[in-house]
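K.L.:
generate coordinates for the sequence data below:
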Amino acid sequence: MLLQIAWRNIWRNKARSLVVISSIIIGIWAGIFILSFSWGMYKNNINESVYRQLSHIQIHHPTFGEENDSKFMITQTDEKLNQLQSDDRIASISSRVITTGMITSPTTASGVKIYGINPSSEITQIRLDEYVTEGAYFEFGKDNEILIGEKLAKKLKVKYKSKVVLTFTNVESDIVSAAFRVGGIYKSKNISLDEVNVYVQQQHLQELLELKPSESSEIAILVKDETQIDTIKQLSADIVPQGKVEDWKELSPELSMIIESFNLYTYIISGIILLALTFGIINTMLMSVLERIRELGMLMAIGLNKRKIFFMIMLETFYLTLIGAPLGLLAGWLTVTTLANTGINLSMFSEGLASYGFSSIIYPALDQEKYVIIVIMCLITAIVSAIYPSYKALQLNPSEAIRKI
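P.N.:
Numbering: from 1, shown residues only. Alright, predicted model coming up:
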C-alpha cells in the first residue's frame with residue numbers, strides 16, 4: 001500500500017516532480033559529458049605520446065637514461081631487431097641513435113635532442129611522415145638531410161632547404177660540428193616537442209658520433225595488443241639481457257598518473273554535481289512535506305506509525321530518482337556515443353592545446369564502470385536527500401497537524 005501511496009503522491013504536483021526529474025536528468029548528463037570529455041582529452045594525449053613518441057616499450061643501455069650520453073649504447077642491434085621482429089605479437093620495431101646538442105642558424109641557436117632514425121622503419125612507428133607540412137620526409141635519402149619542427153624553424157628563422165649546423169660531442173667527448181640541409185618541416189600535435197626534437201639519418205649520425213653500425217641508443221617497440229606488453233617486456237629482457245626494458249608507463253610516469261587519478265576525478269566531479277542536486281531534492285521534498293502537514297497528521301492519527309511515514313517519504317524521493325537516473329544515463333550515453341564518432345572540434349584553441357600535447361579534435365569516451373559509479377552515487381544522493389524531509393515529518397504532532405490550516 002505504501003508503494004502505491006508514494007507513487008501517487010509524487011504526481012499530485014506534476015510540475016514540481018517534473019522539475020526534480022529534469023534536474024536529475026541534466027545533472028547526470030552533465031556529469032557523464034564532463035567526464036567523457038576529460039577522458040577523451042587525456043586518452044588522446046596518451047595515444048599521441050605512445051604512438052607518436054614513446055612507443056609501448058623502449059630498451060636502452062642501463063646508464064643511458066641517467067647520463068644521456070651517446071657512449072652508452074646497445075650493441076649488436078641488428079641481431080636483436082631480427083629476433084624481436086620474428087614475434088608476430090609485435091606490430092613494428094625500430095632502432096634510434098640519440099644525442100643532445102645545439103642547432104645553429106645564421107641568426108640564432110637552440111638546444112635540441114637529435115634523433116638518428118631509419119626513415120622507413122619510423123613510418124610504422126611514430127609516423128612522422130604524416131606531420132610534414134613543408135618539404136618531404138627524407139625523400140632524397142641524402143646524409144645531410146634534417147627534419148625539424150615548425151616552431152623550431154620559426155625560432156631559428158629558417159625554411160625548407162635552409163642550412164643549419166648541429167654541434168654535439170661524440171663518444172670520445174670531442175666536439176663535432178656538421179652542416180645539414182633542412183629537407184622537411186613538420187608540425188605535430190605537441191608543439192613543445194617540435195621545438196626540441198630534430199631527426200637525421202641514423203647511419204650518418206653514427207659516423208659523426210664514431211659509433212659502430214650495429215650500435216644504437218634505443219630500441220622502440222609497438223605491440224599489436226596492449227595486454228601483451230608485459231609478455232613482450234619479458235621477451236625483450238631475454239633478448240637484450242644487458243639492457244633496461246621499460247614500458248610507456250615507466251617512461252612517462254605522468255601519463256600513468258593520469259589514468260590512476262581519473263577514478264578520483266570521477267568521484268570529485270560527480271560528487272560536486274550531485275551535491276548541488278541534493279539541495280534541490282531536499283528543498284522540493286521539504287516543501288512537499290510542509291504542504292501536507294494536515295494529511296500526514298491524519299495518517300498518523302488513524303494509525304500509520306512513524307516508521308511507515310518515514311519510509312513513504314523516502315520512497316517518493318527514490319521514485320523521482322528512479323525515473324530521472326535512467327533517462328539521464330541514456331541521454332549521457334547517446335551524447336558520448338554520437339560525439340565519439342564525430343568528435344568535438346576545438347580548432348580555435350588548437351595552438352594552446354598543442355602546446356600541452358592535446359589534439360584540437362576531442363573524441364569523448366567513458367568506460368562502462370564509470371556509468372555504474374555515477375548510478376550508485378545518484379542512488380546514494382537520493383537516499384541522503386530524503387533523510388531530512390522525512391525527519392521533519394516525524395516531528396509532527398498528529399493533534400496539532402490535523403488543525404493546521
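K.L.:
for the rest of this, base every contact and every neighbour count on C-alpha atoms.
P.N.:
Will do.
K.L.:
which residues does residue 270 contact?
P.N.:
31, 374, 377 (C-alpha atoms under 8 Å, 6 or more residues apart in numbering).
K.L.:
that one is in what secondary structure piece?
P.N.:
helix 253-291 (DSSP states H and E).
K.L.:
chain center to that helix: distance?
P.N.:
With C-alpha atoms, centre = their mean, to the nearest Å as the basis, helix 253-291 stands 21 Å off its chain's centre.
K.L.:
equivalent analysis for stretch 167-177, please.
P.N.:
Stretch 167-177 has its C-alpha centroid displaced from the chain centroid by 39 Å (C-alpha atoms, centre = their mean).
K.L.:
what's the answer for stretch 68-82, then?
P.N.:
With C-alpha atoms, centre = their mean, you get 32 Å for stretch 68-82.
K.L.:
repeat that for stretch 3-17.
P.N.:
43 Å.
K.L.:
same question for stretch 241-252.
P.N.:
For stretch 241-252, the distance to the chain centre is 21 Å (C-alpha atoms, centre = their mean).
K.L.:
how far does it stretch from one end to the other?
P.N.:
Using C-alpha to C-alpha, to the nearest Å, one end of stretch 241-252 lies 22 Å from the other.
K.L.:
ditto for stretch 55-70
P.N.:
Stretch 55-70: ends 20 Å apart by C-alpha to C-alpha.
K.L.:
which residues touch that stretch?
P.N.:
49-50, 72-74, 97-100, 125-126, 170-171, 209, 217-223, 226, 229, 233, 236, 242-248.
K.L.:
do I have it right that residue 153 meets residue 159?
P.N.:
Yes. Using C-alpha atoms under 8 Å, residue 153 is in contact with residue 159, at 6.4 Å.
K.L.:
so which elements touch the longest strand anywhere in the chain?
P.N.:
Counting residues, the longest strand found in the chain (DSSP state E) is strand 90-104. Applying 3 or more C-alpha pairs under 8 Å, 6 or more residues apart in numbering; DSSP states H and E, one finds that strand 90-104 contacts helix 77-85, strand 109-117, helix 119-122, strand 163-169, helix 202-209, strand 218-223.
K.L.:
make CSV out of those and add distance to residue 139.
P.N.:
Shown next, in CSV, are the helices and strands packed on strand 90-104 (distance: least, C-alpha to C-alpha, whole Å):
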stretch, distance to residue 139
helix 77-85, 24
strand 109-117, 14
helix 119-122, 9
strand 163-169, 17
helix 202-209, 15
strand 218-223, 23
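K.L.:
ok, back up a step: alpha carbons of the longest strand of the chain, as CSV, please.
P.N.:
Output in CSV follows, covering the C-alpha atoms of strand 90-104 (Å, rounded to 0.1, in the frame of the first residue of the first chain):
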residue,chain,number,x,y,z
ILE,A,90,55.0,-7.1,-32.3
ALA,A,91,53.4,-4.6,-34.7
SER,A,92,56.6,-2.6,-35.5
ILE,A,93,60.1,-2.1,-34.2
SER,A,94,62.9,0.4,-34.8
SER,A,95,66.3,1.5,-33.5
ARG,A,96,67.4,5.0,-32.9
VAL,A,97,70.6,6.8,-32.1
ILE,A,98,70.1,9.7,-29.7
THR,A,99,72.2,12.6,-28.6
THR,A,100,71.8,16.2,-27.4
GLY,A,101,73.4,19.3,-28.9
MET,A,102,73.0,22.7,-30.4
ILE,A,103,71.4,23.6,-33.7
THR,A,104,72.6,26.9,-35.2
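K.L.:
for residue 118, the count of nearby residues, please.
P.N.:
18 (other C-alpha atoms under 10 Å).
K.L.:
got it, and residue 393?
P.N.:
20.
K.L.:
outline the domain layout of the chain.
P.N.:
The chain breaks down by automatic domain parsing into domains covering 2-49+255-402, 62-242.
K.L.:
per-stretch mean pLDDT over these, give me the minimum one.
P.N.:
Sorting those by mean pLDDT places domain 2-49+255-402 lowest, at a mean of 79.
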